[in-house]
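*Asks:* Need a 3D model of the following:
(chains A and B)
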There are 2 protein chains.
Amino acid sequence: MGFFYDKNAGIDSLKVDAQAFDYIYKVRRTSDDNLLEFRNLKDDNIYVYRTDYLEKKSAMLKLVGSEEKPTKGVGISIGWCVVDPKIIEKTLPMLNELGVTNIDFIYSQYSQRNFSIRTERLESILISSNQQCGRSDMMSFEIFDSLEKWVKAQNGFMVLDFGGEILPKDIAKHKFLIGPEGGFSEEERVALAKQADNIYALDTKLVLKSETAAVMIAGRYV
Amino acid sequence: MGFFYDKNAGIDSLKVDAQAFDYIYKVRRTSDDNLLEFRNLKDDNIYVYRTDYLEKKSAMLKLVGSEEKPTKGVGISIGWCVVDPKIIEKTLPMLNELGVTNIDFIYSQYSQRNFSIRTERLESILISSNQQCGRSDMMSFEIFDSLEKWVKAQNGFMVLDFGGEILPKDIAKHKFLIGPEGGFSEEERVALAKQADNIYALDTKLVLKSETAAVMIAGRYV
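*Replies:* Below is the predicted model:
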């Protein structure tokens, strides 16, 4: 299921440099007569390579075949009000394995403004997660500087909050909005009550952290 | 929803020492005329205290009332084949918020034997998680040194693995077995096929990490 990533996967002769070399031949203990499966995470193909020759800290690989084999996200889209980026980074592999296709990061009223989302960092976490879980597409991100702007850009969405109808076990594929640490402000709650298709609550007295709610929602779809 | 923990909560005069003092009056910014809700995480009561007097790094509190108010786990029990303790510790708050009542840690064939589960450490993580999510009971742990012994101690269980029937959205409250990093061995699979009530797979081509599977299963119950 796992594969190796190289942005140039697909070309006839692929050079593997130091970092990837260590990962392939040391961490993953690939023997030089094994076939190696690569993806470029842009198209849906698996590119099969053979080690052509090994040097001390690099290798040249020769393309021996390819196969179209998409293993994509499952179409879940989450609007996640911004929490501490460290928490987002820790939670991202779980959301990626569960097939979340898109996350909109939203600065809602209780999101701390000094939390900045570095999408390049998130993308490098995704590349390593994709290699492990066998996913062929990249999750996409968008950043919204207010909840109001995010709501305007939606074509229907659901909200997880306190005091709504109990979340059904089987939920339609749809956009799900999840509050930040501390939840939504009263002003936001009044607005969301008018704008959302549904507001759902969980059947529990315990208070979930924002990241737990995100993983739980994504987990309903697999 | 949150509360403060003290193992002696319930006595008339409660002394708050340095560490708890900082948390209560600095981190949580409790004013000395606020009422403070405590739990001892042994009984189901909330004990309400008032600050009697403050010293430089400690305080004495006076009990002013109590109320029986259980906010317990929801009866989910997980058999989790041992993975890296760092991963278990990171994942535990999520499982706690979702109401997991019990985790059996099982050394299955692909669990690394040198991973040791320090339950005191897990308990201190739970105490801090309980204070945040408002949970009144402590999750319990048991450790089994082989999958065979665990299976013998069960009275029915389900397994999450590859290639089973698709996991239904609505699953009965029951014991769920989750494999370690790398899954079950062939020998274990053959045995489990005979012993488990059901073997379920997920409707996805992506490979979930052990901790993601655990959170996903727990999330099905809220």
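
*Asks:* what sits against residue A:144?
*Replies:* Counting by CB atoms under 8 Å, 6 or more residues apart in numbering or on different chains, residue A:144 touches A:104-107, A:150, A:153. (C-beta placed from N, C-alpha, C; glycine too.)

*Asks:* And the pLDDT at the nearest residue to it once chain neighbours are set aside?
*Replies:* Spatial nearest neighbour of residue A:144, chain neighbours left out: residue A:150 (4.1 Å); criterion: CB to CB, 6 or more residues apart in numbering or on different chains. Looking at residue A:150, its pLDDT reads 97.

*Asks:* what does chain A put close to chain B?
*Replies:* Selection of chain A residues close to chain B by CB under 8 Å from any CB of the partner chain yields A:1-2, A:71, A:74, A:90, A:93-94, A:97-99, A:132-135, A:167, A:169-170, A:202-209, A:211-212, A:215-220, A:222.

*Asks:* residues touching the closest residue in space to residue A:157 that isn't next to it in sequence, list them.
*Replies:* Spatial nearest neighbour of residue A:157, excluding adjacent residues (CB to CB, 6+ apart): residue A:175 at 4.0 Å. Contact partners of residue A:175, counting by CB under 8 Å, 6+ apart, are A:77-79, A:154, A:156-158.

*Asks:* next SSE after the helix or strand containing residue A:62?
*Replies:* Per DSSP states H and E: residue A:62 is located in strand A:59-68. Downstream of strand A:59-68, the next assigned helix or strand under DSSP H and E is strand A:76-81.

*Asks:* Give me the distance between that next one and the centre of its chain.
*Replies:* In terms of CA atoms, centre = their mean, to the nearest Å, the centre of strand A:76-81 is found 10 Å from the chain centre.

*Asks:* same deal with stretch A:182-193?
*Replies:* So, by CA atoms, centre = their mean, the centroid of stretch A:182-193 is 26 Å from its chain's centroid.

*Asks:* Surely the residue nearest to residue A:144 is in contact with residue A:106?
*Replies:* Yes: the criterion here is CB atoms under 8 Å, and residue A:150 meets it with residue A:106 at 4.7 Å.

*Asks:* what's the overlap in contacts for these two?
*Replies:* Any residue near both residue A:150 and residue A:106 by CB under 8 Å, 6+ apart counts here, and that gives A:79, A:144, A:177.

*Asks:* Residue A:27: which of the residues you listed is nearest?
*Replies:* Checking the shared contacts of residue A:150 and residue A:106 against residue A:27 by CB to CB gives residue A:79 as the nearest, at 36.0 Å.

*Asks:* Going through the residues of chain A next to chain B, which ones are buried?
*Replies:* In those, burial by neighbour count holds for A:71, A:74, A:93-94, A:97-99, A:132-135, A:167, A:202, A:204-209, A:211-212, A:215-220, A:222, counting by 16 or more other CB atoms under 10 Å in any protein chain shown.

*Asks:* where do the strands sit along chain A?
*Replies:* Assigned by DSSP state E, the strands in chain A fall at A:4-5, A:13-16, A:35-39, A:45-54, A:59-68, A:76-81, A:100-106, A:140-144, A:158-166, A:175-178, A:198-201.

*Asks:* Looking at those strands, which is nearest to residue B:184?
*Replies:* strand A:35-39 (23.6 Å).

*Asks:* Run the chain-centre distance for the closest one.
*Replies:* Relative to its chain's centre, strand A:35-39 lies at 22 Å (CA atoms, centre = their mean).

*Asks:* Domain boundaries for chain A, per the record?
*Replies:* Domain ranges of chain A: A:4-68, A:76-219, per automatic domain parsing.

*Asks:* most packed of those domains?
*Replies:* Across these, averaging neighbours per residue (mean count of other CB atoms under 10 Å in any protein chain shown) puts domain A:76-219 on top, at a mean of 18.

*Asks:* So what touches the worst-scoring helix or strand of chain A on mean pLDDT?
*Replies:* When the helices and strands of chain A are scored by mean pLDDT, DSSP states H and E, helix A:18-21 comes last with a mean of 86. Contacts with helix A:18-21, where a contact means CB under 8 Å, 6+ apart, come from A:4, A:6, A:57-59.

*Asks:* rerun that using 10 Å as the cut-off
*Replies:* Helix A:18-21 has contacts (CB atoms under 10 Å, 6 or more residues apart in numbering or on different chains) with A:4-6, A:14-15, A:38, A:54-59.

*Asks:* Could you list the low-confidence segments of chain A?
*Replies:* Of all residues in chain A, those with pLDDT under 70 make up the ranges A:1.

*Asks:* The same query, at a cut-off of 80, please.
*Replies:* Applying pLDDT under 80 to chain A flags the ranges A:1, A:172-174.

*Asks:* what's the closest non-adjacent residue to the residue minimising distance to the centre of chain A?
*Replies:* Taking CA atoms, centre = their mean, the centroid of chain A lies closest to residue A:96, which sits 3.6 Å from it. Spatially, and ignoring its direct neighbours in sequence, residue A:96 is nearest to residue A:129 (4.4 Å; CB to CB, 6+ apart).

*Asks:* which residues sit in contact with that neighbour?
*Replies:* A:92-97, A:135, A:139, B:206, B:209.

*Asks:* Just flag the most distant two among the contacts of helix A:18-21.
*Replies:* Going by CB to CB, the pair spanning these furthest: A:5 and A:56, at 22.5 Å.

*Asks:* quick revisit: partner residues bridging the residue nearest to residue A:157?
*Replies:* residue A:77 (DSSP bridges).

*Asks:* for residue A:199, same thing?
*Replies:* Note on residue A:199: beta-bridge partners residue A:159, judged by DSSP bridges.
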